[in-house]
Structures are given as structure tokens and as C-alpha cells.
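Chemist: Have a look at this prediction, sequence included:
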Amino acid sequence: MRADTGSVPPSDHRSGRAAEDLHLPRVSVVIPTFNKYEYTRRCLESLRELVYPDIEIIVVDNASIDGTPDKIGVEFHSVRVLRNPTNQGYAAACNAGIHATAGPYILLLNNDTRVLDPFMIQTLVDEMEGDPQLAATGPILVDYDTLQAGDSRRFVRPGHGFAEAPGSCLFVRRSALERVGLFDESFFAYYEDLDLFARLRKVGYRMRQSRRTKIAHAGGATAGQNSPFAFYYQNRGFLVFARRHIPFGELMGRVLLERIWLAVWSMKQLAKNRERGQLSAWASGYWDGLIWLLREDAH
């Protein structure tokens, strides 16, 4: 028997626990949404398969126009829904959900994910409980449709060996967030997780991807992997992140050369395919990021 979403499921028979499972720490699941209800519905349905004794689920809706909040209320009675009056961005939605929860562990979940392992949360809790300096972890990401494993790393800083947990399914220790602060909402979308990881590392925490469990992720299904939105905020976010966390010498060296090469290649591809909207968004993201940097330096 599986648990209803947000309710208390039976104990983890695989690990041999029984009554003591009822004393496991609460896990607060936070799911930001903006339209794409079918993905959200499948995500919530998959959470019903989780076997863990204390889970609360909160969906933070960023002013969807497809009826997402109302549909959740009809189909998933135990899921709390927070409604933002406007689209305040992924980072702000995560923060709102975190503020509304009480569990010592928080699972930040993209709505285009699908749980595959009923013991995923138990596995992630075990990893955290076994390493007090582990601030964040997450499962292996596999393709939403094929279930084939891919590269779970979204970004690697040359020379720094970032092996961060996946931002699309991020299991975080609340006490670590209380020490360094929540997501920086100036990112709106993209790089907010890497900024958090950098701040956590500076005070001695570690991030590590779990190799013992996995989750399916559609990868860009909500924002559109090659959409103008994605191009704009990825480029803007990189400049903001680089200004804060990448040493100037490194930025002006290998990282900057890599970004220039990537920008030239991408613009050629976009121009060849006559994707003028994406090309404009790519340039605008860099331009607005530079303006942000100048304003920051002025202060």
C-alpha cells in the first residue's frame, strides 16, 4: 500500500524499520509551478508512491493561467497550494515554500520531474543523517521518457570541481539554509542553485549527488530548453554568478574564453536557423547582466 500524497505512508520495510520510522524527521516537499499542469499532475501522482512516514507537500504557483492551483485543489486534497499574484520567479517561489514549511529537510522539486524510486526520500535522509556537513544532495537524473541516464551536472567551474546536487531535485538541510540564507531572488531563474552552493561551500558545507537513487526529469519542459526565456536568464545569471563567485583572473581566462566560444557558436546556430527571438534574448541577457554588474559596483 502506498501513501496518499502528503499523508503518512507505512514504514520502510526494505530497511527493517518499524515503529521507530514514525520518529524520522519530517521532509517538506516544495514544488514551484507556472502552467504545464499535466507535468505537475504526473509529478504529484508519482509522489504518492513514496514510502516515508512524514511528508508535507506544498505547491507554490507563480500566477499560472491554465488553472493549475484550482486543479490541484480538486485532485490532490492534501497538497497545500500557495498562490503568488505574479510570476515572481523560481528562486522566489522556492523561498516562499521554504518559509511555509517546518521540516528539517526540504525537497525542492521541479514540476517536470517524476519519482521512480519509492524509497528515494528515505535514501536521501539517510545520506544527510550520516554526514552533518552535507548541506544538499539529490538523486541521479534520468530522461523523463526513456529513463536513460544523462549528465546530471548543469554547470562545472573549471578548476573547482563542482559536483553539486541537481537543482531540479534538490534535498537541502534547513539548518544550512538558516546559516547562509535562502535563494537569491535576483536570479529569477537559473544559477540560483549554484549561487547557493557557492555560499554553502564558503562556510564549510559539502554538496554531493547520491548514487543510490534516481528521478526522471524532462529537462526544460516548463521554461523551454531553447526558449528566449531560457537564453535570457541563463546568460544574465552566468554574469551575476561569475561576478560573485569566480575569481577575476579565472573569469578573464579560461571561463571567459569558454563563454565567448559558446556565445559565438550559439549565435551562429541561431542565425542559421533564423531564430531571431532566441538571438535577441541571448544578447539581451548578457546586456542586462552587464548593467546589473555596473549597478552593483556603483553601490
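Modeler: Perfect, thanks for sending it.
Chemist: C-alpha only now, for contacts and for neighbours.
Modeler: Fine.
Chemist: Can you show me the strands along the stretch 151-299 of the chain?
Modeler: Taking DSSP state E, counting those that start in this stretch as the criterion, the stretch 151-299 of the chain contains strands spanning 169-173, 206-217.
Chemist: quick one, what contacts Leu124?
Modeler: Under the criterion of Cα atoms under 8 Å, 6 or more residues apart in numbering, the contact partners of Leu124 comprise Thr137, Gly138, Pro139, Phe171, Ser210.
Chemist: Can you tell me how far it is from Val264?
Modeler: In this structure, Leu124 lies at 40 Å from Val264, with Cα to Cα, to the nearest Å as the measure.
Chemist: swap in Ala198?
Modeler: With distances taken as Cα to Cα, Ala198 is found 28 Å from Val264.
Chemist: Between the two, which is the more surrounded one?
Modeler: Each of Ala198 and Val264 has its neighbours counted (other Cα atoms under 10 Å); Ala198 has more, 19 against 11.
Chemist: quick one: the more buried one and Ile246 touch, right?
Modeler: No - in this structure, Ala198 is not within contact of Ile246 by Cα atoms under 8 Å, at 9.6 Å.
Chemist: quick one on the thing from earlier: okay, the strands of the stretch 151-299 of the chain in TSV with mean neighbour count, distance to Gly181 and mean pLDDT next?
Modeler: Putting the strands of the stretch 151-299 of the chain into TSV (neighbours: other Cα atoms under 10 Å; distance: least, Cα to Cα, whole Å; pLDDT from 0 to 100) gives the following:
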stretch	mean neighbour count	distance to Gly181	mean pLDDT
strand 169-173	25	12	97
strand 206-217	20	16	95
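Chemist: Output the ones you listed in JSON lines, with distance to Lys36 appended to each entry.
Modeler: Written out in JSON lines, the entries for the strands of the stretch 151-299 of the chain read as follows (distance: least, Cα to Cα, whole Å):
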{"stretch": "strand 169-173", "distance to Lys36": "18"}
{"stretch": "strand 206-217", "distance to Lys36": "14"}
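Chemist: Next, give me the two most distant ones among the contacts of Leu124.
Modeler: Among the contacts of Leu124, the pair separated by the greatest distance (Cα to Cα) is Phe171 and Ser210, at 10.2 Å.
Chemist: who touches both of the two?
Modeler: Residues touching both Phe171 and Ser210 (Cα under 8 Å, 6+ apart) are Leu124, Thr137, Gly138.
Chemist: any idea how far Glu56 is from the first one?
Modeler: If you measure Leu124 against Glu56 using Cα to Cα, the figure is 16 Å.
Chemist: Same check on Ile65?
Modeler: Spatial separation of Ile65 from Glu56 under the definition Cα to Cα is 25 Å.
Chemist: which one of the two has more residues nearby?
Modeler: In terms of neighbours (other Cα under 10 Å), Glu56 is the more surrounded of Ile65 and Glu56; the figures are 20 against 10.
Chemist: averaged over its residues, what pLDDT does the host helix or strand of that one have?
Modeler: Remark: Glu56 resides in strand 55-61, with elements defined by DSSP states H and E. Averaging pLDDT along strand 55-61 yields 98.
Chemist: What are the contacting residues of that strand?
Modeler: Contacts to strand 55-61, defined as Cα under 8 Å, 6+ apart, come from residues 5-8, 26-34, 68-69, 78-84, 93-94, 96-97.
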